[in-house]
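Enquirer: quick one, fold the following:
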Amino acid sequence: MQRRLAGVLVAVFGLFAAALPASPHHSFAAEFDANKCMDLTGTFTSFEWQNPHGYFHLDVKDASGNVNSWTFETVSLSTLKRSGTQRKDFSDNVGKTVTVRACLAKNGVKNRAAAETIKLADGQVHRIGQDVEGKFSDNPKEGY
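Expert: As a prediction, the model looks like this:
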């Protein structure tokens, strides 16, 4: 009797779990414009090492000398790790000057972009986003 009750409870909880909304996953093309990519250089201020995508922030001076805070999205953490980028690469560069190749948000949100590559303060370049410009087509990596 107890086994049957336990089985019913497991089934009920399984149905409840299946009914919970899943966080939607989006494609690059849904949010970012592959025709509006640029290089941005600034001070790496912080990062969020989280799934489904990593995020990091730069303070970038504009042509007038004003500092604007930018938010960049990366590929998933598992893809970052497979390509050789570790959390330490981000934490070691907080407060340092880096250059990011990124594509702007389609919805017009200012200072938000999808990162393609990052050149760290020591000169290392890491591929941290999708290859939307075809720069890496001769060396494709799984998951991009």
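Enquirer: direction included, what does the longest strand along the chain pair up with?
Expert: When the chain is parsed with DSSP state E, its longest strand is strand 32-48. Strand 32-48 pairs in its sheet with strand 55-61 (antiparallel), strand 97-105 (antiparallel), by DSSP bridges.
Enquirer: rounded mean pLDDT for the longest one, please.
Expert: Here strand 97-105 scores 96 as its mean pLDDT.
Enquirer: run a quick neighbour tally on Glu116.
Expert: Glu116 has 27 neighbouring residues, counting by other Cβ atoms under 10 Å. Backbone N, C-alpha and C define where each C-beta goes, glycine included.
Enquirer: could I get the strands paired with strand 32-48 as TSV with distance to Arg112 and mean neighbour count?
Expert: Output for those, formatted as TSV (distance: least, Cβ to Cβ, whole Å; neighbours: other Cβ atoms under 10 Å):
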stretch	distance to Arg112	mean neighbour count
strand 55-61	10	18
strand 97-105	4	20
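Enquirer: right, and those - which one's nearest Lys119?
Expert: strand 97-105 (4.3 Å; Cβ to Cβ).
Enquirer: what's the first helix or strand after the closest one?
Expert: Later in the chain than strand 97-105, the nearest helix or strand by DSSP states H and E is strand 112-119.
Enquirer: can I get that next one in PDB, CA atoms only?
Expert: Output of strand 112-119 as PDB, limited to C-alpha atoms (Å, rounded to 0.1, in the frame of the first residue of the first chain):
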ATOM      1  CA  ARG A 112      23.300  46.100 -25.000                       C
ATOM      2  CA  ALA A 113      25.000  43.600 -27.400                       C
ATOM      3  CA  ALA A 114      26.000  40.000 -28.000                       C
ATOM      4  CA  ALA A 115      29.700  39.500 -27.700                       C
ATOM      5  CA  GLU A 116      31.500  37.600 -30.400                       C
ATOM      6  CA  THR A 117      35.100  37.900 -29.200                       C
ATOM      7  CA  ILE A 118      36.900  39.500 -26.300                       C
ATOM      8  CA  LYS A 119      40.600  40.700 -26.300                       C
END
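Enquirer: tell me the buried residues in that strand?
Expert: By 16 or more other Cβ atoms under 10 Å, the buried positions in strand 112-119 come out as 112-119.
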